[in-house]
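K.L.:
The following comprises the amino acid sequence and a computationally predicted model.
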Amino acid sequence: MAETKITANDNGPLVINGEIELIDGAGNRIETKQATYLCRCGQSSNKPFCNGAHRTANFESAVRA
Ligand code: FES
């Protein structure tokens, strides 16, 4: 099993469990935790992280393999 798992939550963020290195567009390292929630709805005011705004934006996406 992979050491890092990425889950596309239904109607919500990408949830990354495990160690990652997150870099911004200028090459700077962004601090992360053991579980990282990345916005994929585009509505977060704390990008690249999810801040729960997907709920009020009624974001809909259910990814299936
Ligand atoms: S996915 Fe949660 S704020 Fe965008």
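P.N.:
Looks like it came in fine.
K.L.:
do you know how far the residue nearest to the spatial centre of the chain is from the ligand?
P.N.:
The centre of the chain sits closest to Leu38, judged by CA atoms, centre = their mean, with a distance of 1.4 Å. Relative to the ligand, Leu38 is positioned 8 Å away (CB to the nearest ligand atom, to the nearest Å). From N, CA and C alone the C-beta is placed, and that goes for glycine too.
K.L.:
partners of the residue nearest to that residue when sequence neighbours are not counted in the sheet?
P.N.:
Distance criterion CB to CB, 6 or more residues apart in numbering; nearest residue to Leu38, sequence neighbours excluded, is Leu14 at 4.4 Å. In this structure, Leu14 bridges to Ala8, Leu38 when assessed by DSSP bridges.
K.L.:
So Leu14 sits against Ser44, correct?
P.N.:
No - applying CB atoms under 8 Å as the test, Leu14 and Ser44 come out as separate, 11.8 Å apart.
K.L.:
Which one's more surrounded, the two?
P.N.:
Using other CB atoms under 10 Å as the criterion, Leu14 and Ser44 rank with Ser44 on top: 19 against 16.
K.L.:
Measure how buried Pro48 is and give me the count.
P.N.:
Residues near Pro48, counting by other CB under 10 Å: 16.
K.L.:
for Gly25, same thing?
P.N.:
5.
K.L.:
ok, now how distant is it from Ile16?
P.N.:
19 Å (CB to CB, to the nearest Å).
K.L.:
per-residue confidence for Gln43?
P.N.:
Listed pLDDT for Gln43 reads 98.
K.L.:
do the same with Ala26
P.N.:
98.
K.L.:
Could you verify that it is part of a strand?
P.N.:
No - with DSSP: H, G, I helix; E, B strand; the rest coil as the criterion, Ala26 is coil rather than part of a strand.
K.L.:
so what's it up against?
P.N.:
Contacts for Ala26 (CB atoms under 8 Å, 6 or more residues apart in numbering) come out as none.
K.L.:
What of Gly18?
P.N.:
2-5, 34.
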